[in-house]
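# Here is my input, please return the structure:
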Amino acid sequence: MFESCADPEALDGLAWLACYLTTGKHFAFYGAFGTVLLLLAVTAPLALLFGLAGAMATRAGFAPLRWLGQGYVALVRGVPDIALFLFFVIALDQGIEWIKHQAVCPDWSEPIRQGANFLVCPQAKVPLGTSPQWVHEAYGFSLAVFTFALVFGAFAANVLLGAMKAVPRGQVETALAYGMTPRQAFRRITFRQMWSYALPGLGNLWMILIKATPLLFLLGVEDIVYWARELGAAKTPRFSDYPHPDWRMWYFAALLVFYLAMTSVSERVLARLVARFARGQATAGGTT
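Model (predicted):
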């Protein structure tokens, strides 16, 4: 905050607005946009890895591995996203604490489950109660990233599996006839050509991932939706140095502009990627 903002009651007009928009909470709001971008930057490649692993498992010759891949895809696609997001965060958090509890508190005699409560010894809390605030925030964000990647990875697996099947079978058979092993044929033929088929579907998943980032608010991460609701709600002089009526419409309008800009830029980048990967590839409509 600037020195001129020391007495908000003496301000008016643009000076009041400038000081209002530079409070600590507003800087946290601006930083939350970076949180969303970081989520997308980390989740997208991780979800792609999950998807590739799921697709490879689904087409594996080893039956248990194939069943695992098919079960992963079917489970995530068959359960509402919001239920998975809420379940995995709680399950992961409690699972990590339970494992740590067994290791560091073997003599603990009280039950961990006590009605609706999940109680472990203080040394098993993740993160520890004495940890700084940034550790708690980083831990919550990590759980959210893993959950997002796990959910969207299943959909990516389905897209990649379809793309693998779309590569002309004759090319693979020709590679095998020339002496390539099945693994070499997959790496040199299928894997390289499947992206021209997969990118449109992966592009749609990317758009859905962008629109799903407000779910961070439900996972306990202070994202842009949290701050828009917090800052935009009506404030009275008793509880705020900058009282104002309900301004949530304007804050959420800013989020609307942000997401529209993100999707607009993404559409242009994805269109160029599709054109780049399709160049020289043999498709059902001929070589492009």
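# State the mean pLDDT of stretch 92-101.
Throughout stretch 92-101, pLDDT has a mean value of 85.
# What of stretch 160-179?
86.
# For it, buried residues please.
Buried positions in stretch 160-179, judged by neighbour count with 16 or more other Cβ atoms under 10 Å: L160, L161, A163, M164, A166, V167, V172, A175. (Each C-beta comes from the backbone N, C-alpha and C, glycine too.)
# Spatially central, which residue of this structure would that be?
Nearest residue to the geometric centre of the chain (Cα atoms, centre = their mean): F148, 3.9 Å.
# Was I right to think that residue contacts P45?
No - if you go by Cβ atoms under 8 Å, F148 and P45 don't touch, sitting 11.9 Å apart.
# which secondary structure element contains the residue nearest to the centre of the chain?
Here F148, judged by DSSP states H and E, is contained in helix 133-166.
# Any idea how far that helix is from the middle of the chain?
6 Å (Cα atoms, centre = their mean, to the nearest Å).
# CA atoms of the helix or strand following it as PDB?
The first helix or strand that comes after helix 133-166 along the chain, using DSSP H and E, is helix 169-177. Once non-C-alpha atoms are left out, helix 169-177 reads as follows in PDB (Å, rounded to 0.1, in the frame of the first residue of the first chain):
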ATOM      1  CA  ARG A 169      -2.600 -50.500 -40.100                       C
ATOM      2  CA  GLY A 170      -0.900 -51.000 -43.400                       C
ATOM      3  CA  GLN A 171       2.000 -48.800 -42.400                       C
ATOM      4  CA  VAL A 172       2.600 -50.800 -39.200                       C
ATOM      5  CA  GLU A 173       2.400 -54.100 -41.200                       C
ATOM      6  CA  THR A 174       4.900 -52.700 -43.700                       C
ATOM      7  CA  ALA A 175       7.300 -51.800 -40.900                       C
ATOM      8  CA  LEU A 176       7.000 -55.300 -39.500                       C
ATOM      9  CA  ALA A 177       7.600 -56.800 -42.900                       C
END
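# please renumber so the chain begins at 647
With 647 as the first residue, the last one maps to helix 815-823.
# angle of helix 815-823 against helix 779-812?
Helix 815-823 and helix 779-812 are oriented at 90 degrees to each other (axes from the mean of the first three to the mean of the last three Cα atoms, to 10 degrees).
# re the thing from before, who does the helix holding F794 touch, helix- and strand-wise?
Counting contacts by 3 or more Cβ pairs under 8 Å, 6 or more residues apart in numbering; DSSP states H and E, helix 779-812 packs against helix 670-704, helix 709-724, helix 727-750, helix 837-858.
# coming back round to it: please identify which of the buried residues of stretch 806-825 is nearest to F923.
A809 (10.7 Å; Cβ to Cβ).
# so who does that closest one touch?
M840, W841, Y843, A844, G847 (Cβ atoms under 8 Å, 6 or more residues apart in numbering).
# By neighbour count, which of those residues wins?
Counting neighbours by other Cβ atoms under 10 Å, A844 leads these with 25 neighbours.
# Next, the contact list for that residue, please.
V805, L806, G808, A809.
# Contacts only, for the residue nearest to the second one when sequence neighbours are not counted.
The one in question is L806. Distances taken as Cβ to Cβ, 6 or more residues apart in numbering place A701 nearest to L806, at 4.0 Å, with adjacent residues excluded. Neighbouring residues of A701 by Cβ under 8 Å, 6+ apart: G715, A802, A803, N804, L806, L807, M810.
# swap in L796?
Shown in contact with L796 (Cβ under 8 Å, 6+ apart): A693, F696, V722, L730, F734.
# if we go to 7 Å?
Contact partners of L796, counting by Cβ atoms under 7 Å, 6 or more residues apart in numbering, are F696, F734.
# any idea how far it is from C665?
As judged by Cβ to Cβ, to the nearest Å, L796 and C665 stand 43 Å apart.
# thinking T689 is in contact with F794, fair?
Yes - between T689 and F794 there is a contact at 4.5 Å, judged by Cβ atoms under 7 Å.
# host element of Y897?
Element membership for Y897 (DSSP H and E) is helix 894-924.
# Could you list the buried residues of that helix?
Y897, L901, Y905, M908, S912, L916, L919, V920, F923, A924.
# can you give me phi and psi for G761?
phi 70, psi -120 (degrees, to the nearest 10).
# just the one 10 residues further on next, same as before
Note on K771: backbone dihedrals following degrees, to the nearest 10 are phi -70, psi 140.
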